[in-house]
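Asks: For reference, the sequence and a predicted model appear below.
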Amino acid sequence: MAKNKKEDELENQETQETPGEEKVHKVKKEKSREQELEKQLAEKNDQLLRLAAEYDNFRRRSQREKDDIFKSSKSTVVAELLPIIDNFERAERNTTESLADYKKGMEMTYSQFLAVIKKLGIETFGEAGDPFDPNIHSAVLHVEDEKLDENVIAQVLSKGYKIGDKVIRSATVSVAN
(Lines give C-alpha, C1' and ligand atoms only; values in the text may rest on other atoms or scores of the structure.)
Protein backbone atom coordinates (compact mmCIF):
# COMPACT_ATOMS: atom_id res chain seq x y z
CA MET A 1 0.00 0.00 0.00
CA ALA A 2 2.75 2.40 0.76
CA LYS A 3 4.05 1.97 -2.72
CA ASN A 4 0.67 2.82 -4.21
CA LYS A 5 0.48 5.92 -2.07
CA LYS A 6 3.86 7.10 -3.32
CA GLU A 7 2.87 6.43 -6.92
CA ASP A 8 -0.32 8.45 -6.46
CA GLU A 9 1.68 11.35 -5.03
CA LEU A 10 4.09 11.23 -7.98
CA GLU A 11 1.21 11.26 -10.45
CA ASN A 12 -0.41 14.19 -8.65
CA GLN A 13 2.85 16.12 -8.75
CA GLU A 14 3.23 15.49 -12.48
CA THR A 15 -0.31 16.61 -13.31
CA GLN A 16 -0.31 19.62 -11.04
CA GLU A 17 0.96 22.81 -12.58
CA THR A 18 3.31 25.14 -10.91
CA PRO A 19 2.07 28.69 -10.26
CA GLY A 20 4.14 30.04 -13.19
CA GLU A 21 2.72 27.47 -15.59
CA GLU A 22 -0.77 28.25 -14.41
CA LYS A 23 -0.33 31.96 -15.31
CA VAL A 24 1.05 31.05 -18.74
CA HIS A 25 -1.93 28.81 -19.37
CA LYS A 26 -4.33 31.58 -18.28
CA VAL A 27 -2.63 34.14 -20.56
CA LYS A 28 -2.87 31.72 -23.50
CA LYS A 29 -6.60 31.24 -22.84
CA GLU A 30 -7.12 35.02 -22.64
CA LYS A 31 -5.17 35.58 -25.88
CA SER A 32 -7.20 32.87 -27.58
CA ARG A 33 -10.44 34.47 -26.34
CA GLU A 34 -9.20 37.90 -27.41
CA GLN A 35 -8.37 36.60 -30.90
CA GLU A 36 -11.79 35.01 -31.15
CA LEU A 37 -13.47 38.28 -30.15
CA GLU A 38 -11.35 40.26 -32.63
CA LYS A 39 -12.36 37.80 -35.34
CA GLN A 40 -16.05 38.25 -34.45
CA LEU A 41 -15.61 42.01 -34.42
CA ALA A 42 -13.98 41.94 -37.85
CA GLU A 43 -16.87 39.81 -39.19
CA LYS A 44 -19.48 42.19 -37.76
CA ASN A 45 -17.58 45.19 -39.12
CA ASP A 46 -17.50 43.56 -42.55
CA GLN A 47 -21.25 42.86 -42.33
CA LEU A 48 -21.90 46.46 -41.36
CA LEU A 49 -19.81 47.80 -44.26
CA ARG A 50 -21.61 45.50 -46.70
CA LEU A 51 -24.99 46.58 -45.34
CA ALA A 52 -24.03 50.25 -45.69
CA ALA A 53 -22.89 49.65 -49.27
CA GLU A 54 -26.13 47.80 -50.07
CA TYR A 55 -28.20 50.64 -48.63
CA ASP A 56 -26.23 53.21 -50.63
CA ASN A 57 -26.79 51.21 -53.83
CA PHE A 58 -30.49 50.86 -52.99
CA ARG A 59 -30.80 54.61 -52.38
CA ARG A 60 -29.11 55.44 -55.70
CA ARG A 61 -31.20 52.90 -57.60
CA SER A 62 -34.41 54.23 -56.01
CA GLN A 63 -33.50 57.81 -56.92
CA ARG A 64 -32.75 56.76 -60.51
CA GLU A 65 -36.09 54.95 -60.73
CA LYS A 66 -37.90 57.95 -59.26
CA ASP A 67 -36.25 60.25 -61.82
CA ASP A 68 -37.17 57.85 -64.64
CA ILE A 69 -40.80 57.70 -63.49
CA PHE A 70 -40.94 61.51 -63.30
CA LYS A 71 -39.52 61.87 -66.83
CA SER A 72 -41.90 59.22 -68.12
CA SER A 73 -44.89 60.95 -66.53
CA LYS A 74 -43.91 64.31 -68.00
CA SER A 75 -43.43 62.83 -71.45
CA THR A 76 -46.83 61.10 -71.25
CA VAL A 77 -48.55 64.39 -70.42
CA VAL A 78 -46.68 66.30 -73.12
CA ALA A 79 -47.50 63.60 -75.69
CA GLU A 80 -51.19 64.07 -74.86
CA LEU A 81 -50.89 67.86 -75.25
CA LEU A 82 -48.96 67.91 -78.53
CA PRO A 83 -52.01 67.44 -80.79
CA ILE A 84 -53.61 70.45 -79.12
CA ILE A 85 -50.48 72.52 -79.75
CA ASP A 86 -50.58 71.36 -83.38
CA ASN A 87 -54.19 72.59 -83.70
CA PHE A 88 -53.27 75.99 -82.24
CA GLU A 89 -50.40 76.29 -84.72
CA ARG A 90 -52.74 75.39 -87.63
CA ALA A 91 -55.22 78.04 -86.45
CA GLU A 92 -52.45 80.62 -86.24
CA ARG A 93 -51.24 79.88 -89.80
CA ASN A 94 -54.74 79.90 -91.27
CA THR A 95 -55.51 83.42 -92.44
CA THR A 96 -58.17 82.62 -95.06
CA GLU A 97 -61.05 81.38 -92.86
CA SER A 98 -63.81 83.55 -91.50
CA LEU A 99 -64.05 84.64 -87.89
CA ALA A 100 -66.89 82.14 -87.30
CA ASP A 101 -64.74 79.27 -88.61
CA TYR A 102 -61.81 80.44 -86.49
CA LYS A 103 -64.03 80.57 -83.41
CA LYS A 104 -65.38 77.09 -84.15
CA GLY A 105 -61.79 75.79 -84.47
CA MET A 106 -60.87 77.34 -81.10
CA GLU A 107 -63.92 75.73 -79.46
CA MET A 108 -62.96 72.34 -80.92
CA THR A 109 -59.38 72.77 -79.68
CA TYR A 110 -60.66 73.74 -76.24
CA SER A 111 -62.90 70.64 -76.18
CA GLN A 112 -59.91 68.54 -77.19
CA PHE A 113 -57.91 70.07 -74.33
CA LEU A 114 -60.70 69.29 -71.81
CA ALA A 115 -60.82 65.69 -73.07
CA VAL A 116 -57.06 65.33 -72.50
CA ILE A 117 -57.39 66.80 -69.00
CA LYS A 118 -60.17 64.32 -68.21
CA LYS A 119 -58.15 61.43 -69.68
CA LEU A 120 -55.24 62.33 -67.39
CA GLY A 121 -57.57 62.14 -64.37
CA ILE A 122 -57.55 65.86 -63.70
CA GLU A 123 -60.78 67.29 -62.29
CA THR A 124 -61.95 70.89 -62.17
CA PHE A 125 -63.62 72.37 -59.11
CA GLY A 126 -64.86 75.70 -57.86
CA GLU A 127 -68.32 76.42 -59.23
CA ALA A 128 -70.55 79.33 -58.24
CA GLY A 129 -72.90 78.24 -55.46
CA ASP A 130 -70.46 75.69 -53.98
CA PRO A 131 -69.55 76.07 -50.31
CA PHE A 132 -66.24 77.87 -49.78
CA ASP A 133 -63.39 75.63 -48.54
CA PRO A 134 -60.16 77.48 -47.69
CA ASN A 135 -58.19 74.27 -48.29
CA ILE A 136 -58.99 74.22 -51.99
CA HIS A 137 -60.28 77.73 -52.74
CA SER A 138 -58.49 81.05 -52.67
CA ALA A 139 -60.83 83.91 -51.84
CA VAL A 140 -59.71 87.20 -53.37
CA LEU A 141 -62.99 89.09 -53.01
CA HIS A 142 -65.83 89.23 -50.49
CA VAL A 143 -69.21 90.36 -51.77
CA GLU A 144 -72.50 91.13 -50.08
CA ASP A 145 -75.25 89.12 -51.76
CA GLU A 146 -78.54 88.48 -49.99
CA LYS A 147 -79.45 85.76 -52.49
CA LEU A 148 -76.47 83.61 -51.37
CA ASP A 149 -75.75 82.06 -48.01
CA GLU A 150 -72.65 82.97 -46.02
CA ASN A 151 -69.35 81.40 -47.18
CA VAL A 152 -70.70 80.40 -50.58
CA ILE A 153 -68.80 80.97 -53.81
CA ALA A 154 -70.40 83.93 -55.59
CA GLN A 155 -68.12 84.04 -58.64
CA VAL A 156 -65.29 81.90 -60.01
CA LEU A 157 -62.37 83.94 -61.31
CA SER A 158 -60.28 80.88 -62.22
CA LYS A 159 -61.15 77.21 -61.84
CA GLY A 160 -59.25 74.90 -59.57
CA TYR A 161 -57.69 71.64 -60.72
CA LYS A 162 -56.88 68.48 -58.82
CA ILE A 163 -55.83 64.88 -59.32
CA GLY A 164 -57.57 62.73 -56.74
CA ASP A 165 -57.12 64.57 -53.44
CA LYS A 166 -54.02 66.49 -54.56
CA VAL A 167 -54.80 70.09 -55.49
CA ILE A 168 -52.81 71.22 -58.53
CA ARG A 169 -54.18 74.76 -58.42
CA SER A 170 -56.64 76.32 -56.01
CA ALA A 171 -59.76 77.91 -57.44
CA THR A 172 -59.68 81.70 -57.26
CA VAL A 173 -63.11 82.87 -56.16
CA SER A 174 -65.18 85.63 -54.65
CA VAL A 175 -67.13 84.65 -51.55
CA ALA A 176 -70.47 85.88 -50.31
CA ASN A 177 -70.62 87.17 -46.70
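Replies: Done, it's in.

Asks: Could you pull out the buried residues of the one helix or strand K104 maps to?
Replies: Per DSSP states H and E: K104 is located in helix 99-119. Neighbour-count burial for helix 99-119 flags G105, T109, F113, V116 (criterion: 16 or more other CB atoms under 10 Å). Every residue, glycine included, has its C-beta placed from N, CA and C.

Asks: same question, stretch 154-170
Replies: By neighbour count on 16+ other CB under 10 Å, the buried set for stretch 154-170 is A154, V156, G160, Y161, K162, S170.

Asks: residue contacts, the residue lying closest to N177 once chain neighbours are set aside?
Replies: The shortest distance from N177 to any residue other than its chain neighbours is 5.2 Å, reached at H142 (CB to CB, 6 or more residues apart in numbering). H142 makes contacts with S174, V175, A176, N177, as judged by CB atoms under 8 Å, 6 or more residues apart in numbering.

Asks: got the angle for the helix or strand that contains L41 vs helix 99-119?
Replies: L41 belongs to helix 19-93 when assigned by DSSP H and E. Counting by axes from the mean of the first three to the mean of the last three CA atoms, to 10 degrees, helix 19-93 points 160 degrees away from the direction of helix 99-119.

Asks: for E146, phi and psi?
Replies: Per-residue torsions, E146: phi -70, psi -20 (degrees, to the nearest 10).

Asks: any idea how far Q155 is from it?
Replies: Applying CB to CB, to the nearest Å, the value for E146 to Q155 is 15 Å.

Asks: Give me the helix or strand of the protein that scores worst on average pLDDT.
Replies: The weakest-scoring helix or strand in the chain, judged by mean pLDDT, DSSP states H and E, is helix 2-15 (a mean of 58).
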